[in-house]
Each structure stands twice: as C-alpha cells, then as structure tokens.
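**Q** Quick one, fold the following:
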Amino acid sequence: MPKVSVIVPVYNTEKYLPQCLDSIINQTFTDFECICINDGSTDNSLSILEEYAKKDSRIRIISQKNAGLSNVKNVGIKNATGIHITFIDSDDFVSLDYIEKLFKCIDEIITM
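**A** Numbers count the residues shown, from 1 in each chain. From the prediction side, this is the model:
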C-alpha cells in the first residue's frame, strides 16, 4: 500500500499533461501511486497517459465518459489505496519535493 495517492483529473489537457506527469513521476518521495482519471478527453490526453503508464508502474489510468470534476475526484478517492490523498490538476505541475514536504507536514501533525 502506497503512503500517498496522487489523483489527477484529466480533461483535454494534452498541452500541459507531459509537464504535469513529469513533475509527479520525478518526485523525491517515491512511495506513491498516481491515479489519472481521463474524463472523456477528446484530444490526445489518453494517449499521453498510456505512454507514461507504460514507463512508470505507479501510474494507473481510469477512463470514463465526461462526468465533471466533482465526479472525477470522487472516483479517484474511491480507487485510492494510499494512506493520504492529494490532488494535482493536469494543467499544473508541482515542485519535485512536493509530496515529500506534504508527507512530512502530515506526519508532524499526526505525531503531535
């Protein structure tokens, strides 16, 4: 069981998706899963996700008909196996120590 589940809602973000996924798979903290929910994209987003999933086993893809952001987040939560959950938008990217810092903060709060 991974310590962190990263949920990435994806809808027509082919232009930004590679940078987003690169920032996730190159994290300094490596005990995570990345659940990418393709919400009915009509561009090449799904192909990009499949390419990254072939290279990194931490990436899981869930594809569904377009149901909106709230639904996508709920699907991600239902499929998450990590102890903690974070969301990263597919048109965004994070610093390479994002998950490490997040996990350290959570760990400090829990041990108080």
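**Q** Now Ser105: which helix or strand?
**A** Ser isn't right for residue 105; it's Cys. helix 98-110 (DSSP states H and E).
**Q** That helix - what's its average pLDDT?
**A** Here helix 98-110 scores 89 as its mean pLDDT.
**Q** again with stretch 74-83
**A** 97.
**Q** Endpoints of it, how far apart?
**A** 16 Å (CA to CA, to the nearest Å).
**Q** go on, stretch 45-65?
**A** 14 Å.
**Q** How about residues contacting that stretch?
**A** For stretch 45-65, contacts defined as CB atoms under 8 Å, 6 or more residues apart in numbering pick out 2, 10-14, 17-18, 21, 25, 32-40, 72, 75-76, 79, 90. Every C-beta, even on glycine, is put in place using the N, C-alpha and C of the backbone.
**Q** which residues sit against the helix or strand of the chain with the lowest mean pLDDT?
**A** Lowest on mean pLDDT, DSSP states H and E among the helices and strands of the chain sits helix 98-110, with a mean of 89. Applying CB under 8 Å, 6+ apart, the external contacts of helix 98-110 come out as Lys3, Val4, Val6, Ser23, Gln27, Thr28, Phe29, Phe32, His84, Thr86, Ser95.
**Q** Excluding chain neighbours, give the residue nearest to Leu69 in space.
**A** Pro9 (5.8 Å; CB to CB, 6 or more residues apart in numbering).
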